[in-house]
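Colleague: after the sequence you'll find the predicted model.
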Amino acid sequence: MKNILLFGVSGVVLAMSALAQGQSVSVMLAPNPPKMGKQNVEVHVKDDKGNASKDVTVEGQAVMPATPDMGEMKSQLKLEKTAAGVFVGKFNISMDGTWYVAVKVFSGKVKKDYYYKLSTGVKDVVSVKEIPK
C-alpha cells in the first residue's frame, strides 16, 4: 500500500491511502490540529481515473487504544453520503492523546480497511497499517 500525506487549507488535513486497482481513499479532519470535542471528518473515495466512486459505502470508528491505567475508548464516525464517493460527518474525541481512525470502504461484496493516526494538539493525520493493540 502506498501512503501519501497531503496538507490542506483552512485547518483541514488530508491523509490518502491507495486502494487496489488504483483507487484511493482520503480522510480530511477539521480542526487541525485535532482537539477534544466534536471533530469534523470527510472521506473521499475515488476510482483509478480520479473520479468519485459511485457504488461504495463507508463506515468508520475512532479508537484510543487501552493503556495499563485505562480501558479502550471508541467513538463512532457518523457519516452521511453527500455526493458520489463523498461522506461527511462527525465523531467525538473524549480525551486528549493519540487516536486511530478506522475507515471501512465497501464496494459490492469487497471490504477494505484503512487506518489513520491523529493526536490532539498535533497537526497532521497519518495513514498507518493497523491500530496498535
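Modeller: That came through fine.

Colleague: just grab the bridge partners of the residue most central in space within the chain for me.
Modeller: Note on the chain: the residue nearest the mean C-alpha position is Val27, at 4.5 Å, using C-alpha atoms, centre = their mean. Bridge pairing for Val27 (DSSP bridges) gives the partners Ala15, Val43.

Colleague: helices or strands up against the helix or strand where Val41 lies?
Modeller: Using DSSP states H and E, Val41 maps to strand 37-46. Helices and strands touching strand 37-46, as assessed by 3 or more C-beta pairs under 8 Å, 6 or more residues apart in numbering; DSSP states H and E, comprise strand 24-30, strand 57-64, strand 73-83, strand 86-93, strand 98-107. Using the backbone N, CA and C atoms, a C-beta is placed for each residue, glycine as well.

Colleague: state the mean pLDDT of that strand.
Modeller: Throughout strand 37-46, pLDDT has a mean value of 93.

Colleague: about what we covered before: got the helices and strands packed on strand 37-46 as TSV, with mean pLDDT and distance to Val122 columns?
Modeller: Output for those, formatted as TSV (pLDDT from 0 to 100; distance: least, C-beta to C-beta, whole Å):
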stretch	mean pLDDT	distance to Val122
strand 24-30	88	12
strand 57-64	95	14
strand 73-83	96	18
strand 86-93	96	12
strand 98-107	93	9
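
Colleague: now, of those, which is deepest in the fold?
Modeller: Highest mean neighbour count among the helices and strands packed on strand 37-46 (mean count of other C-beta atoms under 10 Å): strand 24-30, with a mean of 21.

Colleague: what's the angle between that one and strand 57-64?
Modeller: 50 degrees (axes from the mean of the first three to the mean of the last three C-alpha atoms, to 10 degrees).

Colleague: show me the contacts for the residue nearest to Lys74 when sequence neighbours are not counted.
Modeller: Closest residue in space to Lys74, ignoring its immediate chain neighbours: Val63 at 5.3 Å, by C-beta to C-beta, 6 or more residues apart in numbering. By C-beta atoms under 8 Å, 6 or more residues apart in numbering, the residues touching Val63 are Glu72, Met73, Lys74, Ser75, Trp99, Tyr100, Val101, Ala102, Ile131.
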